[in-house]
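A.B. asks: Give the three-dimensional model of this entry:
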Amino acid sequence: MKNHTITVKNLTLGDGTPKICVPITAHDHTELAEQLEKLRAVPCDMAELRADYYDGDPIEELTVLRGQLPDMPILFTFRTKAEGGERAISPGEYAALNRRAAGCADLIDLELNRGEEFLRELCQELQENGAKVVASFHDFEQTPEVDSLIALLCRMQELGADVTKAAVMPQNERDVLKLLQAAAAMKEQYADRPYIVMSMGRLGGISRLAGTLTGSAVTFATAAASSAPGQMDAALVAQVLSALK
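C.D. replies: Below you'll find the predicted structure:
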């Protein structure tokens, strides 16, 4: 199955070249300014605003970031406590926050585990308001079997997301290979839009560098503090991706 691309600003996702996304994990305006300075100093195609880190109104933070990065795609993510994030939030608050972000962010992360119908309906609403949706699944305890990973990514396609994402934790080397095998199957057979896959932690590091092989459209790398286990320095990731390409 052909893996269709999407274009956000001037950046194309799913064209076979993994893009580097650097997370912003600032708690306040001072940290935001510091992290922006570091982001500008490393190879970076996208910025992810991790809104769950921010102590104030995340939309104010998003507005500042948009003004500072007018031409760079911004992914808005409020990672809930249940999926490894910094804060708990009610479904109603989660939906309302993401609706507010839709007028400013280019892409918005929506968690599959908030509920399938919840995801489907909110996804459509955000798309109607001009944002593209990254549907995400996280498992910080284990790695599902290959068929289950494929099914999760395909289900997020069916629910209408523009990009699908699965991030899982390996317990051993075989788990990393499961993730890579599932990604290869998506590339060869099942994907009809861009997808992002990663095996987290030290064991899974190779998955963050293998997008050219696996078809994973984006890899997350650091310029300051990491937002997930196993993220690597953006400059190093860029060097390795360039060598592999």
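A.B. asks: Show me the shaky parts of the protein.
C.D. replies: When residues are selected by pLDDT under 70, those of the chain lie in 1-3, 224-230.
A.B. asks: rerun at 50
C.D. replies: By pLDDT under 50, the low-scoring segments of the chain are 1.
A.B. asks: Which elements pack onto the strand ranked longest in the chain?
C.D. replies: If you go by DSSP state E, the chain has its longest strand at strand 132-139. With contacts defined as 3 or more Cβ pairs under 8 Å, 6 or more residues apart in numbering; DSSP states H and E, strand 132-139 has these neighbours: strand 107-111, helix 116-128, helix 146-158, strand 163-168. C-beta here means a position set from N, CA and C on the backbone, and glycine is covered the same way.
A.B. asks: What residues does Pro58 make contact with?
C.D. replies: Pro58 makes contact with Leu49, Ala51, Asp52, Phe76, Phe78, Leu97, Ala101, according to Cβ atoms under 8 Å, 6 or more residues apart in numbering.
A.B. asks: Let me know the closest of these to Phe140.
C.D. replies: The nearest member of the contacts of Pro58 to Phe140, counting by Cβ to Cβ, is Asp52 at 14.8 Å.
A.B. asks: That closest one: how many residues sit nearby?
C.D. replies: By other Cβ atoms under 10 Å, 21 other residues sit near Asp52.
A.B. asks: Go ahead and confirm it touches Gly85.
C.D. replies: Yes: using Cβ atoms under 8 Å, Asp52 makes contact with Gly85 at a distance of 4.3 Å.
A.B. asks: Identify the contacts common to those two.
C.D. replies: With Cβ under 8 Å, 6+ apart as the test, Asp52 and Gly85 both reach Phe78, Arg79.
A.B. asks: picking up where we left off before, tabulate the helices and strands packed on strand 132-139 (a markdown table), appending distance to Asp192.
C.D. replies: Below are those laid out as a markdown table (distance: least, Cβ to Cβ, whole Å):
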| stretch | distance to Asp192 |
| --- | --- |
| strand 107-111 | 18 |
| helix 116-128 | 16 |
| helix 146-158 | 6 |
| strand 163-168 | 10 |
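A.B. asks: for stretch 122-132, the distance to its chain's centre please.
C.D. replies: Relative to its parent chain, stretch 122-132 has a centroid offset of 17 Å by Cα atoms, centre = their mean, to the nearest Å.
A.B. asks: For Lys211, grab phi and psi.
C.D. replies: Careful, residue 211 is Gly; it's not Lys. The phi/psi pair for Gly211 (degrees, to the nearest 10) reads phi -60, psi -30.
A.B. asks: Enumerate every residue touching it.
C.D. replies: Residues near Gly211 by Cβ under 8 Å, 6+ apart: Thr17, Pro18, Ala217, Val218, Thr219, Leu241.
A.B. asks: Can you list which of these are found in strands?
C.D. replies: When DSSP E is applied, the contacts of Gly211 are split such that Val218, Thr219 fall in strands.
A.B. asks: Farthest-apart pair in the contacts of Gly211, please.
C.D. replies: Ala217 and Leu241 (12.4 Å).
A.B. asks: Excluding sequence neighbours, find me the nearest residue to Ala88.
C.D. replies: Nearest non-adjacent residue to Ala88, counting by Cβ to Cβ, 6 or more residues apart in numbering: Lys81, 4.1 Å away.
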